[in-house]
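Enquirer: Sequence first, then the predicted structure:
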Amino acid sequence: MPSLTRTPTWKSLVSHCAALQDFDLREAFNLNPRRFEQFSLQFNDILFDYSKNLITEDTRSLLVDLATHSALSSKIEAMFTGEKINHTEQRAVLHTALRNRSNHPVMVDGVDVMSNINQVLAKMRVFTDKVRNEQWLGQTGKPVKDIVNIGIGGSNLGPKMVATALTPYASDKLNVHFVSNVDQTDLVETLKPLNAETTLFIVASKMFNTQETMTNAHSARNWFLEQINDEKAIGKHFVAISTHPENVIEFGIDPENIFEFWDWVGGRYSLWSSIGLSIALQVGMDNFEQLLQGAHEADLHFRDTPFDRNIPVIMGLLGIWYNNFYGAESHAILPYDQSLRYFCEFLQQSDMESNGKSIDRKGQPVDYSTGPIIWGQPGTNGQHAFYQLIHQGTKLIPCDFLAAANSHYHLPKHHDILISNFLAQPEALMHGRSAEEVIAELPEQDKNNAILVASKVFVGNKPSNSFLFDKLTPKTLGSLIAFYEHKIFVQGAIWNINSFDQMGVELGKVLAKVILPELLNDETIGSHDCSTNGLINAYKKLRKADD
Ligand SMILES: O=P(O)(O)OC[C@H]1O[C@](O)(CO)[C@@H](O)[C@@H]1O
């Protein structure tokens, strides 16, 4: 098979992009009043408007051709049916099975994984009901008030994002906290207001040997035992989630308190598994299952819908359009929803750990750009921080805007103000403001001030997608997350990379293991390059001065 960039479809896209150099979105909307209908899709309560993109019908057809010629359909099937598409680690990739509410069998190595999945879901239900109904009592007979999820990466970002997003569904008897950083500030400041008698720790780690999580878990255990000096009490205050129960038992957690998952669940795709226990405790198992249902329906859409009407396929293709043909380096995620304040952080891991790769599936260096830099934060805060650069800077930054038509809260005016901004920003990016428009608006004495006029011009023609949904319910959130997961899949499939390993996080960990013992003595270190030696030795001096 020729390299991606030498395929006829790729070459057609290169020529098409060159032919579109003068494409003007304002003109496209003026000429075609049906552009919104042509380039928007409805899925349940989610409206996906992608009409404000630098595309024509031909662009869409060519991009769909690219997907077709990249064997996207068979790659999707391979994922859903449990083929070991994570070939470097010889693993299936089955987060879709975790939310397979149809219960149709999904086979891995000849075994249907659905029965294990359902058993763990049932165990989660029993446990969460007990805790939420105040039947799970701590060592001193008191019900749980605070839950501390200790985990990092996928064992933190997904649960933290969803638990935060679904706060309106939260039990008012429980507070869920997340500790991830090995920086002691995280644990110390989280535990400060808590009482061991009413605290439940969830140690969440796929491998159960991750340095940050294990260090935090041991310190949490010490904090607990300082207050309740009884090893036996650990069983009532510590539960674990892992694919490695043997490591959990070694840590000292009761085997009864282990919630299992499996090596065919990638860390960054694991919130649907027992890693979502903190979510289920916060919002209840019925709501957790609604989250799964939303994702499942999005999975069916992704698997069964023709590419030109398939939301995650279109999202992935548009990303490729800008990344590979316009040289865009990043993609902004801009939810107009404070509940989604961790959505971008979550997607940074999902996307960048998945598609931050530079070799193809055969181990050959790629000659095209792969995963984008994902960044952003909730509107309207972002508007008062970095939108200046999106509007008037030199870089092309495709944006995703997301908003719910209905808030969970009812203060007068707030939501309409929020939504007016959600609507105005994509319009401003697309429409821009010409020098003539600027001059028309300026007072008479400034109309000839060329510098002022130039500084107020917005070139416009900047692309964005908008997602508008009814309300941020568990089900809608499940669908949105699944769309983004599948968008990442589509791009990885077309770039022909393995989106499901993460070897790039290893080297730093290995080197830190070499450095750690060097910090534990007072000797001057000379075994690294002079910069690293200099920093280590400076740290040791400063640390001593601090003592
Ligand atoms: O759940 P674990 O095994 O502690 O791993 C945490 C995170 O570390 C990584 O392996 C590397 O950052 C992630 O993929 C994973 O989500």
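Expert: Received it, and whenever you're ready, just let me know what you need.
Enquirer: buried residues in stretch 532-546?
Expert: Within stretch 532-546, the residues that count as buried by 16 or more other Cβ atoms under 10 Å are 536, 540. Glycine gets a C-beta too; all of them are placed from N, C-alpha and C.
Enquirer: pLDDT averaged over that stretch - what is it?
Expert: Per-residue pLDDT over stretch 532-546 has a mean of 90.
Enquirer: got it, and stretch 15-30?
Expert: 98.
Enquirer: what do you get for stretch 134-146?
Expert: Stretch 134-146 comes out at a mean pLDDT of 98.
Enquirer: what's the distance between it and the middle of its chain?
Expert: 33 Å (Cα atoms, centre = their mean, to the nearest Å).
Enquirer: Provide a list of residues in contact with the closest residue to the ligand within the stretch 251-400 of the chain.
Expert: At 2.6 Å from the ligand, G267 is the closest residue in the stretch 251-400 of the chain, using Cβ to the nearest ligand atom. Applying Cβ atoms under 8 Å, 6 or more residues apart in numbering to G267 gives the contacts 153-155, 206, 502.
Enquirer: Same question for K160.
Expert: 149, 178, 180, 342, 346.
Enquirer: Go back to the contacts of G267 and keep what's next to the ligand.
Expert: 153-155, 206, 502 (Cβ under 6 Å from any ligand atom).
Enquirer: Most widely separated two among those residues?
Expert: S155 and Q502 (13.3 Å; Cβ to Cβ).
Enquirer: the more surrounded of those two?
Expert: More neighbours surround S155 than the other of S155 and Q502, with 31 against 20 (other Cβ atoms under 10 Å).
Enquirer: Excluding chain neighbours, give the residue nearest to the more buried one in space.
Expert: Spatial nearest neighbour of S155, excluding adjacent residues (Cβ to Cβ, 6 or more residues apart in numbering): A204 at 4.1 Å.
Enquirer: Am I right that H177 is in a strand?
Expert: Yes. Under DSSP: H, G, I helix; E, B strand; the rest coil, H177 sits within a strand.
Enquirer: Just give me the neighbour total for it.
Expert: 21.
Enquirer: okay if I get the contacts of K160 as JSON lines plus distance to the ligand, secondary structure and pLDDT?
Expert: Converted to JSON lines, the contacts of K160 look like this (distance: Cβ to the nearest ligand atom, whole Å; DSSP: H, G, I helix; E, B strand; the rest coil; pLDDT from 0 to 100):
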{"residue": "N149", "distance to the ligand": "11", "secondary structure": "strand", "pLDDT": "98"}
{"residue": "F178", "distance to the ligand": "13", "secondary structure": "strand", "pLDDT": "98"}
{"residue": "S180", "distance to the ligand": "9", "secondary structure": "coil", "pLDDT": "98"}
{"residue": "Y342", "distance to the ligand": "15", "secondary structure": "coil", "pLDDT": "98"}
{"residue": "F346", "distance to the ligand": "11", "secondary structure": "helix", "pLDDT": "98"}
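Enquirer: just the buried members of those residues?
Expert: So, by 16+ other Cβ under 10 Å, the buried ones in those are 149, 178, 180, 342, 346.
Enquirer: Could you chop the protein up by domain?
Expert: 52-81+305-497, 97-288, 506-542 (the TED database).
Enquirer: Of all the residues in the last one, which ones are buried?
Expert: Under the neighbour-count criterion of 16+ other Cβ under 10 Å, domain 506-542 has 525, 536, 540 buried.
Enquirer: Could I get the contacts of G267 in TSV, plus columns for pLDDT and distance to A78?
Expert: Formatted as TSV, those follow (pLDDT from 0 to 100; distance: Cβ to Cβ, whole Å):
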residue	pLDDT	distance to A78
G153	98	25
G154	98	22
S155	98	26
K206	95	22
Q502	98	20
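Enquirer: Keep only those of these that are in strands.
Expert: Applying DSSP state E to the contacts of G267, no entry is found in strands.
Enquirer: show me where the stretch 201-350 of the chain has strands.
Expert: 238-242, 258-260, 330-335 (DSSP state E, counting those that start in this stretch).
Enquirer: Please identify the deepest-packed of those.
Expert: Ranked by mean neighbour count, the strands of the stretch 201-350 of the chain are led by strand 238-242 with a mean of 26 (mean count of other Cβ atoms under 10 Å).
Enquirer: what helices or strands is it leaning on?
Expert: With contacts taken as 3 or more Cβ pairs under 8 Å, 6 or more residues apart in numbering; DSSP states H and E, strand 238-242 sits against strand 199-204, helix 245-251, strand 258-260.
Enquirer: So which of the ones next to the ligand among the contacts of G267 is the closest to R309?
Expert: Distances from R309 to the ones next to the ligand among the contacts of G267, taken by Cβ to Cβ, are shortest for G154, at 30.5 Å.
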